[in-house]
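>>> can't give you the sequence, but here's the structure:
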């Protein structure tokens, strides 16, 4: 017979479990669970896991959950290395071709960036090659956006964020929240970030190792740009020439987001940035989508 | 453009992520991950989660992992209430129609059952209606199986297992490992178990509550039966007339596993079982599949 009293069987598992959620008051939750059950049972039917493999999956998920704490989110890492985070980013950022492309938030925006004046140096540990980072924020119609907020955070020249090295890096190192000037410009001093491995001493690192994948992300600076009347943009600027641009372990690199760090010999500009001439410069202009009228 | 340097895009996420696992040395792991990515991305594309919903999913999975400890396995509960455990049971127990049907192991077989003589009383707390539990173990060709091992565990009349009430129930209460006699028979004294809720004070309980599902399982006794040359059987005997037989929250009930507890007036049989006459009797014969010749 191999059929339960509810009609549950190998061939007929999805409708029975979906039906068990019929009284869910929240329509969206009911829809999500019906889809989850459909795809999850499809995966199980496809793989036909042994009892041992099922137990291994239970153990892996348990380890991922137990590796999470205030400064570590192992399920976000799992979502990242399986391409789920970037897929959700793509789905939620279908936009005009003129706007700057998006990429993942990542797990290191866990503390607020301190508000800083234009031109401030966000590197307190001076670990890395000094560099000016500047750009302009535009609306998708081409108008510069004064008063836009540009939130920046990055790893240092050794490839670590402040929250990963609380005993080594000063608090809020390499983080800053800037406001564009009357021409929509922002500029700041920093260091060129290094590529780095995502935290890989946990179960997600073990998965990467077992599958012959490296844990690295190419060098990048995170940016969230926000302006009134525009969709807030979460993205990175990637450093041209960095290793791993073609194999980012979280699938985050888009060609349109890669910029060179160039040596600039311009005494007037060096004076404006209050740095010795010549100097390294990373430029990244940002275009924000005008928000649709409320539907 | 909305396409990464690797070719990852909303429409083209699966092949890129599957390709990232191409160097996995273990063929089975590579197959599992390719299927996982296909079904997981299919789920995401179907639902189109918002960033907030993605964060809620991350938080839920984290809570499930963090609720696990030595006596609690919340991911097993999640697998159970989503019908995954029963689906895997069905897949791994496609068998001859003469063998006893299987059902889930459940999360309470976490301690070894003590070896006990035939006729022993496994109830040390006497919480519940006294009852004799007896049956015979057969091979699928109809031959009785002497020397078969019958491992039994159950909740008491209040619906709790010993490991859930370490301060109330004696250790190894309502657990026993028996060996069938020369006619393949087993018998023991116990109490009629109660239906009970699965542990529902954690995130899985919150999911059941949010979806209007009750957390209950109908009354049952767990059995693992093993004999040389036969496939080991993991099943339950369900108590006829119990509430929730038609809505077991883990989808485990099969009609063929339901048995009545009957009042028996038979002084000779009562004397054999060393119980007062009349007495409550639960009978459950077990048929094991002869193992296939090694392949």
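Thanks, I have it. In this text the structure is predicted, and so the values were computed from the model without any measurement. Numbers count the residues shown, from 1 in each chain, chains lettered A, B, ... in the order given.
>>> got a pLDDT number for residue A:192?
Looking at residue A:192, its pLDDT is 98.
>>> That one and residue A:128 touch, don't they?
Yes. Using C-beta atoms under 8 Å, residue A:192 is in contact with residue A:128, at 5.5 Å. From N, CA and C alone the C-beta is placed, and that goes for glycine too.
>>> any residues in contact with both of the two?
residue A:157 (C-beta atoms under 8 Å, 6 or more residues apart in numbering or on different chains).
>>> In chain A, spot the helix with the most residues.
helix A:27-47 (DSSP state H).
>>> Return the list of helices and strands in contact with that helix.
When contacts are defined as 3 or more C-beta pairs under 8 Å, 6 or more residues apart in numbering or on different chains; DSSP states H and E, helix A:27-47 packs onto helix A:13-20, helix B:27-47, helix B:84-92.
>>> Which residues lie in contact with residue A:75 in this structure?
For residue A:75, the contacting residues are A:64, A:65, A:68, B:58, B:61, B:62, B:65, by C-beta under 8 Å, 6+ apart.
>>> Now chain A against chain B: closest residue?
residue A:65 (1.0 Å; C-beta to the nearest C-beta).
>>> Give the helix, strand or coil label for that residue.
helix (DSSP: H, G, I helix; E, B strand; the rest coil).
>>> Report the separation between it and residue B:141.
Distance, residue A:65 to residue B:141, by C-beta to C-beta, to the nearest Å: 47 Å.
>>> And for residue A:235?
Counting by C-beta to C-beta, the gap from residue A:235 to residue B:141 is 69 Å.
>>> Give me the more crowded residue out of these two.
Higher neighbour count among residue A:235 and residue B:141: residue A:235, with 26 against 8, using other C-beta atoms under 10 Å in any protein chain shown.
>>> And that one, its phi and psi?
phi -150, psi -180 (degrees, to the nearest 10).
>>> Show me the helices in chain A, by range?
Using DSSP H, helices in chain A cover A:13-20, A:27-47, A:51-66, A:74-81, A:84-92, A:203-210, A:267-273.
>>> Now render those helices as JSON lines, adding distance to residue B:217 and mean pLDDT.
Listed next are the helices of chain A as JSON lines, based on distance: least, C-beta to C-beta, whole Å; pLDDT from 0 to 100:
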{"stretch": "helix A:13-20", "distance to residue B:217": "13", "mean pLDDT": "96"}
{"stretch": "helix A:27-47", "distance to residue B:217": "19", "mean pLDDT": "98"}
{"stretch": "helix A:51-66", "distance to residue B:217": "19", "mean pLDDT": "97"}
{"stretch": "helix A:74-81", "distance to residue B:217": "29", "mean pLDDT": "96"}
{"stretch": "helix A:84-92", "distance to residue B:217": "33", "mean pLDDT": "95"}
{"stretch": "helix A:203-210", "distance to residue B:217": "31", "mean pLDDT": "98"}
{"stretch": "helix A:267-273", "distance to residue B:217": "69", "mean pLDDT": "96"}
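>>> Residues touching whichever strand in chain A runs longest, excluding its own?
Identified as the longest strand of chain A according to DSSP state E is strand A:130-139. By C-beta under 8 Å, 6+ apart, the list of residues contacting strand A:130-139 from outside reads A:123, A:144-145, A:148, A:150, A:152, A:180, A:183-192, A:221, A:225, A:227, A:230, A:261, A:273, A:275, A:279-288, A:290.
>>> And stretch A:82-95, by the same measure?
By C-beta under 8 Å, 6+ apart, the list of residues contacting stretch A:82-95 from outside reads A:76, A:79-80, A:101-104, A:231, A:234, A:250-252, A:289, B:2, B:4, B:8-10, B:13, B:16-17, B:20, B:36-37, B:40-41, B:44-45, B:48-51, B:54.
>>> Wait, residue A:81 touches residue A:209, no?
No. In this structure, residue A:81 is not within contact of residue A:209 by C-beta under 8 Å, at 11.6 Å.
>>> so who does the closest residue to residue A:207 other than its chain neighbours touch?
Of all residues not flanking residue A:207 in the chain, residue A:81 sits nearest, at 7.1 Å (C-beta to C-beta, 6 or more residues apart in numbering or on different chains). Contact analysis of residue A:81 by C-beta under 8 Å, 6+ apart lists A:198, A:204, A:207, A:208, A:213, A:249, A:250.
>>> Quickly check those residues for the two that are furthest apart.
The most widely separated members of these, counting by C-beta to C-beta, are A:207 and A:250 (13.3 Å).
>>> how close does residue A:155 sit to residue A:165?
Residue A:155 is 10 Å from residue A:165, by C-beta to C-beta.
>>> Could you check which of these two has the larger neighbour count?
Using other C-beta under 10 Å, the more surrounded residue of residue A:155 and residue A:165 is residue A:155, with 27 against 16.
>>> Surely the more buried one and residue A:174 touch.
Yes. Assessed by C-beta under 8 Å, residue A:155 is found in contact with residue A:174 at 7.2 Å.
>>> Identify the contacts common to those two.
A:161, A:193.
>>> which parts of the stretch 51-200 of chain A sit against chain B?
Selection of the stretch 51-200 of chain A residues close to chain B by C-beta under 8 Å from any C-beta of the partner chain yields A:51, A:53-54, A:58, A:61-66, A:68, A:73, A:75-76, A:79, A:82-88, A:90-94, A:97, A:101.
>>> Before we move on, what's the pLDDT of the nearest residue to residue A:189 once chain neighbours are set aside?
Excluding its sequence neighbours, the residue lying closest to residue A:189 (C-beta to C-beta, 6+ apart) is residue A:121, at 3.8 Å. For residue A:121, the pLDDT comes out at 97.
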